Every structure is written in structure tokens, then in C-alpha cells.
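Participant: Sequence below, structure please.
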Amino acid sequence: MNYERKSTEGWSIAVVILDLLCGALTVSGMFIVAFNYGHWISFIHSPTRLGIALFSIIFSTIFIIQHYVIYRIISEEDTIPIIGAEDGENKTLQASDGDEDGKETRDQEMKMLQGKGE
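Facilitator: Numbers count the residues shown, from 1 in each chain. Below is the predicted model:
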């Protein structure tokens, strides 16, 4: 469903991060017990516990990548409105389009205002 909407809006990222932490702590706990007792078969002794922890880690990681990388929402603070956009379009430039002091962004905006295109 995230692919169709191109968004992760509506999901609490805090819950996903806690789920990832829970899976990681479960695997870590199993590893510590196996290491302390020197009985490594106990690490895979409970395949259900290990499977659920790995399942949780994998899917939480996928969701976090979707939320912070793939479907990241650009906030209004990161955009600069272009005055004089044609046909009533609401065109914006991203603040990261220019160099550090924004010179390139200002040059692009001036070209748009003068009607020279992008």
C-alpha cells in the first residue's frame, strides 16, 4: 500500500523503531545467553523466537528505509515559492537545488520571473 500511495503518512515511526529495537534486543539476549553458557545450540533452540525477532528486524528496517529515504516528505521550509509561475501553477524550488549560499537558486528564480524557462 505504501508503494501505491508513495507515502508512509499515518504510521507512527516511533512504534516501528521500538519494534526494531525489540527484535535486536531479543537476538542480543539469545546471543548473550549462548555465549555465557558456551552452549551455542541454545541460540537456535527456539526457532520461533529467533524467526519472529529476525522477521521484526527485517520488516522494521524496510519500513524505516521507506519512511526516511524513499518516501521522504519535503517540508514547506525546504522549498522556495516561485513568483509569477505560469498557468496558475504552484512551482517551487528546493532550497538544496542551489549551492550553500543559495546563489544558483536565486538565479533560477530570476530566470523564471523573466520568462526564460527553467
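Participant: Pull the number of nearby residues for Phe63.
Facilitator: Residues lying near Phe63 (other Cβ atoms under 10 Å) number 19. C-betas here are computed from N, CA, C, even on glycine.
Participant: in what helix or strand does the closest residue to it other than its chain neighbours lie?
Facilitator: Excluding the flanking residues, the one nearest Phe63 by Cβ to Cβ, 6 or more residues apart in numbering is Val16, at 5.0 Å. Taking DSSP states H and E as the definition, Val16 sits inside helix 13-37.
Participant: and that helix, what other elements does it pack with?
Facilitator: Helices and strands touching helix 13-37, by 3 or more Cβ pairs under 8 Å, 6 or more residues apart in numbering; DSSP states H and E, are helix 47-65.
Participant: what comes up buried for the helix it packs on?
Facilitator: 53, 56-57, 60, 63-64 (16 or more other Cβ atoms under 10 Å).
Participant: Low-confidence bits of the protein, can you list those?
Facilitator: Filtered on pLDDT under 70, the chain yields the residue ranges 1-5, 73-118.
Participant: change it to 80
Facilitator: Applying pLDDT under 80 to the chain picks out residues 1-11, 42-44, 71-118.
Participant: Counting neighbours, what do you get for Leu18?
Facilitator: When neighbours are defined as other Cβ under 10 Å, Leu18 has 12 of them.
Participant: And for Ala24?
Facilitator: Ala24 has 14 nearby residues by other Cβ under 10 Å.
Participant: So it is in contact with Ile57, correct?
Facilitator: Yes. Checked against Cβ atoms under 8 Å, the pair Ala24 and Ile57 is within contact range at 6.2 Å.
Participant: Would you reformat the buried residues of helix 47-65 as TSV and include distance to Ile44?
Facilitator: Converted to TSV, the buried residues of helix 47-65 look like this (distance: Cβ to Cβ, whole Å):
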residue	distance to Ile44
Ala53	12
Ser56	17
Ile57	16
Ser60	22
Phe63	26
Ile64	27
